[in-house]
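>>> Kindly return the folded structure for what I paste below:
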Amino acid sequence: MELFEQPIYFLYFLGALAAGGLVFWLGKKLKQRLVCALFGPMAYRRLLGGEDRLKKLKAGLFIASIFLLFTALAKPQWGLEIVKAEGNFIQTVIAIDVSASMRARDVQPDRLSSAKNMLRMLITHLKNERIGLIAFTSEAYIQCPITTDEEALKHFISSLQTDMIASAGTSLAAPVKLAAHMLSKYPGKKALILLTDGEDHEPQELKEAQTAAQKEGIKIIAIGIGTPQGELIPQRTDVSGKVLEYKKDRSGKTVVTKLDEKSLAALAAATEGVYIKYTTPAQVAEKVEQAMRNLDRSRSAASARAGYKNRYQIPLALAVLCLSIWLMLPIKQRALEKSKIE
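Okay, here's the model as predicted:
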């Protein structure tokens, strides 16, 4: 446990104390110089009036109150409490194609790298949203469970590679079914962001996947990456990235991967979602964010968690007490003695 959530404020206090001390010292020197120049050195000593204990007490109270205010800003914490976060959420799963066709370079530097750049931007824009991550080819696997942890999501996005799943080919049904399973335990609005070139080699399962998404109320935002004209798939490259060999099928024919917009648009339409043609990472991230905004958000409680209780009220109350005493005390000891004589 860390006693203070924001200990950096103690450094800010030291900086403020040093700055205040410098201003006080310079002011005192300037005052001494002016009085000595106008009335002589003896006049300054009489004006100073010797040692004033009350003045030191007031200075100590003022410094203590400032220190306590910075302590409150540092958020002292101890003792556990159960915190239930509540907010407006769209439960979202991102499914990204990691099949060999995502190595094609009709989108620079290649389909997968560009898609990863877009997803990192999107995650930054969708802060505090509940998001999970799926990687798929002809099979789908959970890379990150549904979470609000932005850094964890970015880490798993960066680790995506085209050779991470042994199964070849592409199935749109696999990620839709897995996303439906992941989102089934959540209430309210749900979305699946499906990023692929749309080459579906198991179209017979697509209808079943649509039914699963509709049953769970999942809106599919389908993003088609690639070009309809098609592109060759790099199989081997050298250290500089130059292609040495392109992917071939079993008959020895060079494989051309083409964007299948029709399948993706049909899948999105069947779930009352949106189809987006991939252009640039920034533009696509903005369009996806806009599509997410158009979905009604459900107000629901996030999972309860244990956290340390913030105790800022204690130093804040002590700071107010010190300031109150500081304000009530007279300016000088002699003024206090004079009031007693009268």
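>>> in this protein, what secondary structure element scores lowest on mean pLDDT?
Taking mean pLDDT, DSSP states H and E as the measure, the chain has strand 298-301 as its least confident helix or strand, at a mean of 46.
>>> Please enumerate the strands of the stretch 1-150 of the chain.
Applying DSSP state E, counting those that start in this stretch to the stretch 1-150 of the chain gives strands spanning 77-83, 86-89, 91-97, 131-136, 140-147.
>>> which stretches of the stretch 1-150 of the chain aren't confidently modelled?
1-2, 41-52, 80-89 (pLDDT under 70).
>>> Need the winner for burial among the strands of the stretch 1-150 of the chain.
Ranked by mean neighbour count under mean count of other C-beta atoms under 10 Å, these are led by strand 91-97, which reaches a mean of 26. Just so you know, the C-beta spots here come from the backbone N, C-alpha and C atoms, and that holds for glycine as well.
>>> So what are the sheet partners of that one and their directions?
Applying DSSP bridges to the sheet, strand 91-97 is found paired with strand 131-136 (parallel), strand 190-196 (parallel).
>>> and the gap between W78 and E208?
54 Å (C-beta to C-beta, to the nearest Å).
>>> Can you pull out the low-pLDDT segments for the stretch 201-342 of the chain?
When residues are selected by pLDDT under 70, those of the stretch 201-342 of the chain lie in 201-203, 296-308, 331-342.
>>> Could you save the strands of the stretch 1-150 of the chain as TSV and add columns showing distance to K258?
Converted to TSV, the strands of the stretch 1-150 of the chain look like this (distance: least, C-beta to C-beta, whole Å):
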stretch	distance to K258
strand 77-83	50
strand 86-89	37
strand 91-97	14
strand 131-136	19
strand 140-147	22
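>>> closest one to E5 among those strands?
strand 77-83 (5.6 Å; C-beta to C-beta).
>>> Looking at the strands of the stretch 1-150 of the chain, spot the one closest to V256.
strand 91-97 (16.5 Å).
>>> report the angle between the axes of that closest one and strand 140-147?
For strand 91-97 against strand 140-147, the angle by axes from the mean of the first three to the mean of the last three C-alpha atoms, to 10 degrees is 150 degrees.
>>> Report the distance from strand 91-97 to the chain centre.
Distance of strand 91-97 from the chain centroid (C-alpha atoms, centre = their mean, to the nearest Å) equals 18 Å.
>>> ok, back up a step: make TSV out of the strands paired with strand 91-97 and add distance to R53.
Below are these laid out as TSV (distance: least, C-beta to C-beta, whole Å):
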stretch	distance to R53
strand 131-136	63
strand 190-196	69
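>>> Ok, which of those comes nearest A115?
Nearest to A115, of all the strands paired with strand 91-97, is strand 190-196, at 5.3 Å by C-beta to C-beta.
>>> quick check, distance from that closest one to the centre of its chain.
20 Å.
>>> And for stretch 179-192?
Centre-to-centre, stretch 179-192 and its host chain are 22 Å apart (C-alpha atoms, centre = their mean).
>>> again, but for stretch 222-241
That offset, for stretch 222-241, works out to 31 Å (C-alpha atoms, centre = their mean).
>>> quick one: secondary structure of L267?
helix (DSSP: H, G, I helix; E, B strand; the rest coil).
>>> How many residues are close by it?
24 (other C-beta atoms under 10 Å).
>>> Kindly report the same for A282.
Counted with other C-beta under 10 Å, A282 comes out at 11.
>>> So it is in contact with T124, correct?
No - using C-beta atoms under 8 Å, A282 is not in contact with T124, being 11.3 Å away.
>>> and the longest helix along the chain, which residues are buried?
When the chain is parsed with DSSP state H, its longest helix is helix 8-39. Under the neighbour-count criterion of 16 or more other C-beta atoms under 10 Å, helix 8-39 has 9, 13, 35 buried.
>>> now, which of those sits nearest E231?
Closest approach to E231 among these (C-beta to C-beta): Y9, at 54.6 Å.
>>> gap between the closest one and P315?
11 Å.
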